[in-house]
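[1] Sequence below, structure please.
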Amino acid sequence: MIRILSGFDNRLSTINDLFPPSAADDGGNPDGDRFDPSEAEIRLQAAHKVVRLWDASDSLVWESSTEDAEEYLAAVGDLIRLVEYKTSPGFGGGSTVDLVSRAEIALQMAMSRLEEEFSNLMVRHAVPLDSNYLSSSIRRLSLSFASDIGEPIDDFESSVEDESHHHHHQSPPQQQEGSPEDRSGTSLADERCLDLINPEVVPDLNAIADYMLLAKYDRELHQVYCTVRRDILDECLSILGIDRMSIEEVQRIDWRMLNDKMKKWIQALKIVVRVLLWGEKRLCDQILASSEELKEECFIETVKGPVMQLLNFGDAITICQWSSEKLFGILDMYEALADVLPDLQTLFVGDPKDLICVEAEGILQRLGEAAKGTLMGFGSAIQKEPSRKPTQGGEIHPMTRYVMNYVRLLAEYTNTLNLLLDDGKIGSDQGNGEGYDNRNSDGENLEMTPLGLRTALIISYLESNLDEKSKTDEDGAMQYVFLMNNIHYIVNKVKDSDLGKLLGDHWIRKRLVQIRQYATNYLRTSWTKALSCLKDEGIGSGNSSSVLKVTLKEKFKNFNLAFDEIYRVQTTWKVPDPQLREELRISISEKVIPAYRAFMGRYGNQLDGGRHGTKYIKYTSDDLESLLSDLFEGVSGPAPKKKT
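    Below is the predicted model:
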């Protein structure tokens with residue numbers, strides 16, 4: 001042991017002077033005539049003098065000079081050797097016992113000083129972990145910790161069409177095998193770690209720790225190390241915005257503030273696990289290198305509190321009341337925890353792993369259940385949303401915007417949600433047995449992922465609700481315009497996002513057919529009355545000229561009235577999509593203009609030359625075509641333009 005210590009640090013070389021090499025070799029005490037009490041007394045007095053000198057001083061040894069620190073450690077080394085002498089065979093004798101007793105007293109005084117010096121070095125030379133330093137260090141280490149969580153939509157009316165949610169996906173949150181060293185090929189502990197303490201003082205801390213371990217003051221070393229480092233980590237959590245909150249406090253907090261705390265939690269979790277814990281692990285390994293057991297104990301004791309504080313917030317989220325706006329925050333938390341779980345499993349090896357890793361695994365599972373339950377509840381909320389009068393002018397309903405923006409965000413969590421929903425029950429809601437039909441018109445089963453099936457089911461709930469809403473309008477034509485607008489909006493949202501991949505081409509084609517059917521139904525419902533005035537029914541070939549003119553006047557008059565009413569009403573209707581609006585106008589023109597032009601060609605000359613011809617033939621075909629271009633703009637149109 002003496003030779004090892006002498007080789008480790010030349011400051012201990014003088015210990016060899018106390019005992020001959022043969023005594024150290026056989027581990028025993030030399031015979032009395034080979035032990036020089038006078039030399040031991042000299043060593044004790046010299047060491048005691050150094051210890052008492054610094055004990056009486058308000059200064060700290062390691063704030064002085066390197067020589068003072070070396071002298072102090074050399075004195076401590078002499079005291080340790082003298083105290084250990086009593087465990088040697090043949091120990092005894094009054095003077096020897098007294099010498100060892102005095103050495104023990106001096107050693108206790110020295111150990112108290114080393115504790116103080118150790119604590120001071122760790123505190124004074126700790127790297128300030130302010131938010132700017134942490135953020136810049138994270139960027140430097142290329143660690144992605146930020147998760148943009150979309151702003152919540154509190155109600156249908158606040159939903160906006162251009163809402164976006166940029167969720168940066170990494171790999172699927174599945175548990176990875178192997179240690180971080182295995183996955184990267186290099187030590188992540190070295191690559192990720194920040195310097196938590198000035199590297200220049202680490203050798204001094206290591207030397208103090210070694211002497212305290214030699215003196216069997218490992219419990220005191222354990223306490224001072226853990227106390228200092230735990231306080232620093234607690235302060236770091238506070239800097240990252242993580243406050244100690246009970247489950248009750250988390251449940252009472254309003255959504256806006258809770259959403260902000262969930263974002264900070266995700267950031268803090270990745271910083272703490274991916275950077276700070278690895279830094280703490282390396283620091284323990286460097287300072288407490290002489291004791292494998294103490295390294296593990298101090299690391300776990302230091303980081304357990306902050307880690308559990310983080311996990312407790314995650315656990316509180318899992319038992320909060322589920323609501324749709326919380327889903328994406330919960331999913332982000334789930335992915336963040338799944339992402340760092342392999343690091344936790346590598347860091348906390350052995351028996352203590354059960355406390356932290358099992359807790360983390362349980363919270364991960366509960367976060368998954370919370371996300372899944374929230375998504376199921378979202379579908380139920382759509383079904384139960386009370387039917388109200390459709391929006392003015394048949395425009396897109398706020399609920400449609402809300403739901404489609406919501407499911408578009410779901411597509412950004414495809415890997416995670418497929419993992420959570422893959423339980424064989426996605427096509428049906430438990431409790432009502434209602435499922436989504438994922439077969440095409442030929443009866444062929446369509447292959448959809450679990451998230452694809454769930455999304456299709458949610459949209460089917462929306463479509464059913466919209467259908468019920470449309471029925472509250474007494475105008476049949478308005479019903480079809482309303483449904484056409486909303487289904488067209490749904491299809492565009494699907495085609496312009498990853499939802500298209502989830503739902504597939506067959507799903508889209510089916511809705512496009514539906515839109516065309518709504519347009520056809522609109523034309524039939526809205527224009528049948530006007531077009532019936534342009535038919536030959538009631539105009540017999542045997543009628544006299546006067547009877548024919550009366551009949552024609554009635555037909556033109558009725559057409560004008562019907563057209564004017566349609567124009568007056570449907571210029572206030574809104575078809576927001578320009579392409580759909582133009583296609584609908586073209587469909588109307590193709591029905592109305594040829595019929596009107598043909599009718600005018602057959603009978604227009606019967607009235608055109610008459611005294612009141614212009615009163616009944618109000619429009620030319622060009623007039624009608626121009627007026628039809630005013631439809632579906634969502635504003636009150638001017639009075640129909642008369643023929644000049």
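[2] Surely Gly377 and Trp322 touch.
    Yes: Gly377 lies in contact with Trp322 (Cβ atoms under 8 Å); the separation is 5.5 Å. Glycine gets a C-beta too; all of them are placed from N, C-alpha and C.
[3] And these two? Which one has more around it.
    Trp322 (19 against 15; other Cβ atoms under 10 Å).
[4] Need the three-state assignment for the residue lying closest to that one once chain neighbours are set aside.
    Nearest non-adjacent residue to Trp322, counting by Cβ to Cβ, 6 or more residues apart in numbering: Thr374, 4.4 Å away. What DSSP: H, G, I helix; E, B strand; the rest coil gives for Thr374 is helix.
[5] Thought Gln321 was touching Thr374, still the case?
    No: with contact defined as Cβ under 8 Å, Thr374 does not reach Gln321; the gap is 9.9 Å.
[6] between those two, who's got more neighbours?
    Neighbour tally, Thr374 and Gln321, criterion other Cβ under 10 Å: the higher count belongs to Thr374, 20 against 8.
[7] List the buried residues of the lengthiest helix in the chain.
    Longest helix in the chain, counting residues (DSSP state H): helix 499-532. For helix 499-532, a neighbour-count test (16 or more other Cβ atoms under 10 Å) marks 499-500, 502-504, 507-508, 511, 514-515, 518-519, 521-523, 525-527, 530-531 as buried.
[8] Then stretch 361-377?
    Glu361, Ile363, Leu364, Arg366, Leu367, Gly368, Ala370, Ala371, Lys372, Thr374, Leu375, Met376.
[9] Return the alpha-carbon coordinates of that stretch using CSV.
    Coordinates of the C-alpha atoms in stretch 361-377 are reproduced here as CSV (Å, rounded to 0.1, in the frame of the first residue of the first chain):
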residue,chain,number,x,y,z
GLU,A,361,-41.0,3.0,-17.9
GLY,A,362,-44.2,3.1,-16.0
ILE,A,363,-44.7,6.8,-16.7
LEU,A,364,-43.9,6.2,-20.4
GLN,A,365,-46.7,3.6,-20.5
ARG,A,366,-49.1,5.9,-18.7
LEU,A,367,-48.3,8.8,-21.0
GLY,A,368,-49.1,6.5,-23.9
GLU,A,369,-52.4,5.5,-22.4
ALA,A,370,-53.2,9.1,-21.8
ALA,A,371,-52.5,10.0,-25.4
LYS,A,372,-54.5,7.1,-26.7
GLY,A,373,-57.4,7.9,-24.3
THR,A,374,-57.4,11.6,-25.3
LEU,A,375,-57.5,10.6,-29.0
MET,A,376,-60.5,8.3,-28.4
GLY,A,377,-62.2,11.1,-26.4
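[10] for that stretch, what is the average pLDDT?
    Across stretch 361-377, the average pLDDT comes to 94.
[11] now swap in stretch 461-475 and tell me
    The model assigns stretch 461-475 a mean pLDDT of 91.
[12] What of stretch 584-591?
    Here the average pLDDT along stretch 584-591 is 95.
[13] Likewise for stretch 383-394?
    80.
[14] and what of stretch 325-338?
    94.
[15] How about stretch 523-541?
    Mean predicted confidence for stretch 523-541 is 86.
[16] And the nearest residue to Asp422 once chain neighbours are set aside, how close does it get to Lys557?
    Residue nearest to Asp422 in three dimensions, not counting chain neighbours: Pro450, with 4.8 Å by Cβ to Cβ, 6+ apart. As judged by Cβ to Cβ, to the nearest Å, Pro450 and Lys557 stand 62 Å apart.
[17] Please identify which of the two sits among more neighbours.
    The residue with more neighbours, out of Pro450 and Lys557, is Pro450; 20 against 14, by other Cβ under 10 Å.
[18] Quick check: the more buried one touching Thr414?
    No: counting by Cβ under 8 Å, Pro450 stays clear of Thr414, with 9.7 Å between them.
[19] so what's in contact with the two at the same time?
    Counting by Cβ atoms under 8 Å, 6 or more residues apart in numbering, no residue touches both Pro450 and Thr414.
[20] ok, back up a step: same for the longest helix of the chain, what does it pack against?
    helix 450-470, helix 476-495, helix 545-570, helix 578-608 (3 or more Cβ pairs under 8 Å, 6 or more residues apart in numbering; DSSP states H and E).
[21] Which parts of the protein belong to which domain?
    2-124, 180-384, 392-511, 533-628 (automatic domain parsing).
[22] Figure out how far the longest one is from the centre of its chain.
    Right, domain 180-384. Domain 180-384 has its average C-alpha position 16 Å from the chain's average C-alpha position, going by Cα atoms, centre = their mean, to the nearest Å.
[23] CA atoms only: put stretch 63-80 into CSV for me.
    The C-alpha trace of stretch 63-80 is given here as CSV (Å, rounded to 0.1, in the frame of the first residue of the first chain):
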residue,chain,number,x,y,z
GLU,A,63,-7.0,29.1,-2.0
SER,A,64,-3.4,29.6,-1.0
SER,A,65,-0.5,27.9,-3.0
THR,A,66,0.1,24.5,-4.5
GLU,A,67,3.0,24.1,-2.0
ASP,A,68,0.6,24.6,0.9
ALA,A,69,-1.8,22.1,-0.5
GLU,A,70,0.9,19.5,-1.0
GLU,A,71,2.3,20.1,2.5
TYR,A,72,-1.2,19.7,4.0
LEU,A,73,-1.8,16.4,2.1
ALA,A,74,1.6,15.1,3.2
ALA,A,75,0.7,15.9,6.8
VAL,A,76,-2.6,14.1,6.4
GLY,A,77,-0.8,11.1,4.9
ASP,A,78,1.5,10.9,7.9
LEU,A,79,-1.5,10.9,10.3
ILE,A,80,-3.3,8.2,8.3
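[24] same question for that stretch, mean pLDDT?
    Regarding stretch 63-80, the rounded mean pLDDT is 92.
[25] Thanks again, I'm all set now.
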